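# Pasted the sequence and its predicted model underneath.
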Amino acid sequence: MSAFDDDDELMAQLSRLAGELDPVPEHVAAAARAAISTRDLDSELAVLVADSSATEAELEFELVRRGAADAGQDRLLSFDSGELQVELEVVQDGDELTLIGQVIGTAPVDCSLEYGDSRRVALPTDELGRFLVDGLSGGPLRVRCRSATGASVTTAWVMV
């Protein structure tokens, strides 16, 4: 009997050797992670239709790219997907941000806030679809909601 009688053991050793001798390039791993992140293709993208800090041309071409808001400057964002609209207000207080939001349309049953580093935080909403998140730091984020009818909607990423 050889040491490789067990197929699982053989596959584990071959995998380890392949990883050592020919590791997956980082750009390939990043592309795979990006492909996996598109697994929720049923989710309709809510398009940014208004941003109080953007020019009309930026909104028209969806080129809203910005860093942290100016101190004391509130930012209003409106997203529309047809079935649901998401209204966000970003309020800066020193280094911390507060996000005040409302989901309008069909009642949301499950909402979350997603960060650029893949963190996801549940957004409890009241009977009017309103939510509040304190203590945010700047960076990319988006809101993902599922309606009572089962429709899934995700806002475009925004930099706050």
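Noted; the coordinates are in hand.
# Can you list the low-confidence ranges for the protein?
Along the chain, the parts satisfying pLDDT under 70 run over 1-5, 36-44, 54-73.
# let's see it at 80
1-5, 30-48, 51-73, 82-83, 107, 151 (pLDDT under 80).
# Could I get the full set of helices for it?
Secondary structure of the chain (DSSP state H): helices located at 7-21, 26-37, 56-60.
# neighbouring contacts of the second one?
Defining contact as Cβ atoms under 8 Å, 6 or more residues apart in numbering, one finds that nothing outside helix 26-37 touches it. The way it works is simple: take the backbone N, C-alpha and C, and place the C-beta from them, glycine included.
# mind checking how far that helix is from the chain centre?
For helix 26-37, the separation from the chain centroid amounts to 16 Å (computed by Cα atoms, centre = their mean, to the nearest Å).
# Now it - C-alpha only, CSV.
Taking C-alpha atoms only, helix 26-37 is exported to CSV below (Å, rounded to 0.1, in the frame of the first residue of the first chain):
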residue,chain,number,x,y,z
GLU,A,26,-3.1,38.3,-7.0
HIS,A,27,-4.9,39.9,-10.0
VAL,A,28,-6.5,36.6,-10.8
ALA,A,29,-7.6,36.1,-7.1
ALA,A,30,-9.0,39.7,-7.1
ALA,A,31,-10.9,39.0,-10.3
ALA,A,32,-12.4,35.8,-8.8
ARG,A,33,-13.5,37.7,-5.7
ALA,A,34,-15.1,40.4,-7.9
ALA,A,35,-16.9,37.7,-9.9
ILE,A,36,-18.2,36.0,-6.7
SER,A,37,-19.5,39.4,-5.5
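# re earlier: out of the helices of the chain, flag the one nearest Arg120.
helix 26-37 (11.7 Å; Cβ to Cβ).
# right, so of the helices of the chain, which gets closest to Leu123?
helix 26-37 (19.3 Å).
# so what's Phe102 up against?
To be clear, residue 102 is Gln; Phe isn't right here. Counted by Cβ under 8 Å, 6+ apart, Gln102 has contacts Val86, Glu87, Leu128, Gly129, Arg130, Phe131.
# From Glu87, how far off is it?
5 Å (Cβ to Cβ, to the nearest Å).
# Equivalent analysis for Met11, please.
52 Å.
# if you count what's nearby, which of these two comes out ahead?
Neighbours were counted for Met11 and for Glu87 using other Cβ atoms under 10 Å; Glu87 has more, 17 against 11.
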